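Participant: What follows is a predicted protein model with its sequence.
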Amino acid sequence: MDTQAQDYWRANLRLVTVLLTIWFICSYLFGILLVDQLNAIKVGGAGLGFWFAQQGSIYTFLVLIFIYVIRMNALDKKFGVHED
Amino acid sequence: MDLQLLTYIVVGITFALYIGIAFWARAHSTSEFYAAGRGIHPIANGMATAADWMSAASFISMAGLIAFNGYGASVFLMGWTGGYVLLALLLAPYLRKFGKFTVPEFIGDRFYSKTARIVAVICLILASITYVIGQMKGIGVAFSRFLETGYDTGLYIGMGIVFIYSVLGGMKGITYTQIAQYVVLIFAYTVPAVFISLHLTDNPIPQLGLIDNMSGSATPMLDKLDQVVTDLGFKQYTTQVMGNTLNMFVYTLTLMIGTAGLPHVIIRFFTVPRVKDARSSAGWALVFIAILYTTAPAVGSMARLNLMNTIQVGEVGSPDGNLAYADRPQWFKNWEATGLLQYEDKNGDGRIQYYNDKNPAFAEKARAWGWKGNEMVKVDRDIMVLANPEIAKLPDWVIALVVAGGLAAALSTAAGLLLAIASSISHDLVKGMIHPNISERAELLTSRLTMTGAILLAGYLGLHPPDFAAGTVAIAFGLAAASIFPALMMGIFHKRMNRAGAIWGMIAGIGITLLYVFQHKGIMFVPGTSFLGDMKPNWFFGISPNAFGAVGALINFAVAIAVSRMTTPPPEHIQHLVEHIRVPSGATGPTGH
């Protein structure tokens, strides 16, 4: 693999790692492992932990995918590996 | 106009629409049959993927499980959405760049081995058939209510409809019909949710109604629900867990990685024009899925509240606090006719006592009131969404719409899965291995015959499903998680992964998962063949069979990496192939011939 492609791949992996860390935090950490602690905080009539498990994690997932799409399209251009 | 007639009309109109579209877009070549050419816009593709994805498990079953498992059912909500992040970030763009039709094709080429391809085909068929059993359960429930017959009859009729519907069309027919089905199902899901949310909380947006106060009071709806259920000895809604924390963690992980390993979803990303579109298609799919998934917790919690309030009309323990059986509402009678709701007057007082008799302290208290056990002896979780608008006394047209939506969800997924099964048999097995010179006509015929066989098998197994629709579907995810996802991921991210590693990894992963599931649930779910019984004390660290796939996936990764270290690295051209799929430029269309 030439260095250009290697740099592209490394930038990609970095982005994916950051996004998957957030993915883990909003679902497994907030929604499951820390749920009791977070439930002490209220969003409207629900505990925050409960809210993350049933609502917040899903909204976060959506944002993560669209950030990925935008960032990857930019990386494709920067490294000149975009299609057509 | 009575409800029955209205339901016939609404279901009839939606079916005419799907069949019309399927006929208009009938597939003529194998390339169209599998992958709809490549001219599908990401938003359209996302919507079709969402319909394909949201099956009877999501539409009919999930809110019912939420209603009865409360917080514990969050595993389904996170698990069935979080997988899209994995799909978008780790698989979709690369599989699109690779440019083939099926998942086994990728595995066969990447691991330069026909054996790997066959192993992938077998894993895929096991997962898909299990998934279709779950759909059949949902279809059986919907048809039995719709036609007011028993569950078995409902299932047979459903099988007939699925047959007509999926065997005639193909991917292209399915893509456009699925867009129509998405519109029907999301409308059918959200309309009653808005009505019920307005009624209970004065908030028209169910997502906000969930966290709002009861109408005309300062008590949050969820607090009210917690109180109502604990008053009858049930676990507190917002804190009850499914098994234990470890089980919830593993269950969620299984559903997430299973999402990213299920062939009928992955196949969607072969059908977009560019790599760029594969990424955004996953995002659009999740947008359309999230509309239903964020509504479901409101539907589940409010349905539970309405159900409890219907039966426990007065103060708990007071002589006339419970609904008299003779005064039961029409929906109660309708569901009794299907056998999915059963009442038994244990203390002979002609009233309905619905409480948790498994809670010793509460059962003791109940005995003092003359209650002799929970009299709602069967409340099938899968009836909740369909019964919900009736319980909330919504107008008949809403009820008819929900039946049509449930059927749309079940049919669209069943069709997508059957297509994945058919393509793996006819394309990967017959054309790829046994008979490479098969004509297009013969290949199409083979896939249609395969679909027929799969419908019959899944229908037969659906007579005694291993769990509620969503639970059965969860097992399918476990199988996909343990076999396909690790192989795909290592194929892309681990250049050193070789033939032997991938094959042994898949075998070990699916093997251990199957062993765990079958020993508790019966061999291929046939009743009476489970050799440990479905008993919690026998569960490994309290992990339920439905949740075990993630453990299987870990074993898959471990075995694959160990074996690949001990065997020769993949040849030069395979390493180049991996480098090639990692960059978007130079993508071509799917070539399967």
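Facilitator: Structure received.

Participant: CA atoms for contacts and neighbours, from now on please.
Facilitator: OK.

Participant: Help me confirm that residue B:331 comes into contact with residue B:387.
Facilitator: Yes - assessed by C-alpha atoms under 8 Å, residue B:331 is found in contact with residue B:387 at 6.8 Å.

Participant: what helix or strand does the residue nearest to the spatial centre of chain A sit in?
Facilitator: Nearest to the mean C-alpha position of chain A, counting by C-alpha atoms, centre = their mean, stands residue A:19 at 3.2 Å. For residue A:19, the host element (DSSP states H and E) is helix A:3-24.

Participant: Check whether that helix comes near chain B.
Facilitator: Yes - Helix A:3-24 reaches chain B (C-alpha under 8 Å from any C-alpha of the partner chain) through A:5, A:9, A:16, A:23.

Participant: Tell me the residues of chain A that contact chain B?
Facilitator: Contact residues (C-alpha under 8 Å from any C-alpha) of chain A with chain B: A:1, A:5, A:9, A:16, A:23, A:27-28, A:32-33, A:43-46, A:50, A:53-55, A:57-59, A:61-62, A:64-66, A:68-69, A:73, A:76, A:81-84.

Participant: and the helix or strand of chain A with the lowest mean pLDDT, how far from the chain's centre?
Facilitator: Sorted by mean pLDDT, DSSP states H and E, the helices and strands of chain A end with strand A:42-43, the least confident at a mean of 90. Chain-centre distance of strand A:42-43: 23 Å, with C-alpha atoms, centre = their mean, to the nearest Å.

Participant: Need the mean per-residue confidence for the next helix or strand after it.
Facilitator: Next along the chain after strand A:42-43, taking DSSP H and E as the criterion, comes strand A:46-47. Mean pLDDT, computed over strand A:46-47, is 92.

Participant: which residues sit against strand A:46-47?
Facilitator: A:38-41, B:210-211, B:220, B:222 (C-alpha atoms under 8 Å, 6 or more residues apart in numbering or on different chains).

Participant: again, only using 6 Å
Facilitator: A:39, A:41, B:211 (C-alpha atoms under 6 Å, 6 or more residues apart in numbering or on different chains).

Participant: Direction included, what does that strand pair against?
Facilitator: Strand A:46-47 has its sheet partners listed here by DSSP bridges as strand A:42-43 (antiparallel).

Participant: so who does residue B:451 touch?
Facilitator: Taking C-alpha under 6 Å, 6+ apart, one finds B:418, B:422 in contact with residue B:451.

Participant: just to revisit the earlier point, more neighbours: which of residue B:331 and residue B:387?
Facilitator: Using other C-alpha atoms under 10 Å in any protein chain shown, the more surrounded residue of residue B:331 and residue B:387 is residue B:387, with 23 against 17.

Participant: Sticking with the more buried one, tell me its helix or strand.
Facilitator: Here residue B:387 is assigned to helix B:384-391, by DSSP H and E.

Participant: Pull the distance from stretch B:382-402 to the chain's centre.
Facilitator: How far stretch B:382-402 lies from its chain's middle: 21 Å, per C-alpha atoms, centre = their mean.

Participant: sorry, that was for stretch B:234-241
Facilitator: 24 Å.

Participant: Show residues contacting the helix holding residue B:387.
Facilitator: Helix B:384-391 is contacted from outside by B:60, B:64, B:303, B:399, using C-alpha under 6 Å, 6+ apart.

Participant: Farthest pair within those?
Facilitator: B:64 and B:399 (16.2 Å; C-alpha to C-alpha).

Participant: Please identify which of the two sits among more neighbours.
Facilitator: residue B:64 (32 against 25).

Participant: who's in contact with that one?
Facilitator: Residues counted as contacts of residue B:64 (C-alpha under 6 Å, 6+ apart) are B:300, B:381-382, B:384.

Participant: next one: phi and psi at it?
Facilitator: phi -60, psi -40 (degrees, to the nearest 10).

Participant: quick revisit: hmm, who's touching the least confident helix or strand of chain A?
Facilitator: residue A:48.

Participant: swap the cut-off to 8 Å and go again
Facilitator: A:48, A:51, B:211.

Participant: and residue B:203, that one's in a helix?
Facilitator: No - read with DSSP: H, G, I helix; E, B strand; the rest coil, residue B:203 is coil and lies in no helix.

Participant: Would you mind measuring from the residue nearest to the centre of chain A to residue B:90?
Facilitator: 11 Å (C-alpha to C-alpha, to the nearest Å).

Participant: that older thread, these two touch, right, the residue nearest to the centre of chain A and residue A:64?
Facilitator: Yes - counting by C-alpha under 8 Å, residue A:19 touches residue A:64, with 6.3 Å between them.

Participant: ok, now which ones touch residue B:344?
Facilitator: B:375-377.

Participant: List only those of those flagged as buried.
Facilitator: Buried subset of those (neighbour count, 16 or more other C-alpha atoms under 10 Å in any protein chain shown): B:375-376.

Participant: mind listing which of the contacts of residue B:344 are in helices?
Facilitator: Judged by DSSP state H, helices contain none of those.

Participant: could you pull out the helices for the stretch 151-300 of chain B?
Facilitator: Per DSSP state H, counting those that start in this stretch, the stretch 151-300 of chain B carries helices over the ranges B:151-168, B:171-201, B:206-209, B:221-230, B:245-259, B:263-266, B:275-311.

Participant: who wins for proximity to chain A among the ones you listed?
Facilitator: With C-alpha to the nearest C-alpha as the measure, helix B:275-311 is the member of the helices of the stretch 151-300 of chain B nearest chain A (5.5 Å).

Participant: Produce a ChimeraX select command limited to the buried residues of the residues of helix A:3-24 next to chain B.
Facilitator: In ChimeraX, this line selects whichever of the residues of helix A:3-24 next to chain B come out buried by 16+ other C-alpha under 10 Å:
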select /A:5,9,16,23
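
Participant: what bits of chain A have low per-residue confidence?
Facilitator: Low-confidence segments of chain A (pLDDT under 70): A:1, A:84.

Participant: Strands along the stretch 451-593 of chain B, start to end?
Facilitator: Assigned by DSSP state E, counting those that start in this stretch, the stretch 451-593 of chain B shows no strands.

Participant: Excluding covalently adjacent residues, which one is nearest to the residue of it found nearest chain A?
Facilitator: Relative to chain A, the nearest point of the stretch 451-593 of chain B is residue B:585 (4.5 Å; C-alpha to the nearest C-alpha). Distances taken as C-alpha to C-alpha, 6 or more residues apart in numbering or on different chains place residue A:83 nearest to residue B:585, at 4.5 Å, with adjacent residues excluded.

Participant: same deal with residue B:304?
Facilitator: residue B:67 (5.2 Å).

Participant: In a helix, the one you found, correct?
Facilitator: Yes - under three-state DSSP, residue B:67 sits within a helix.
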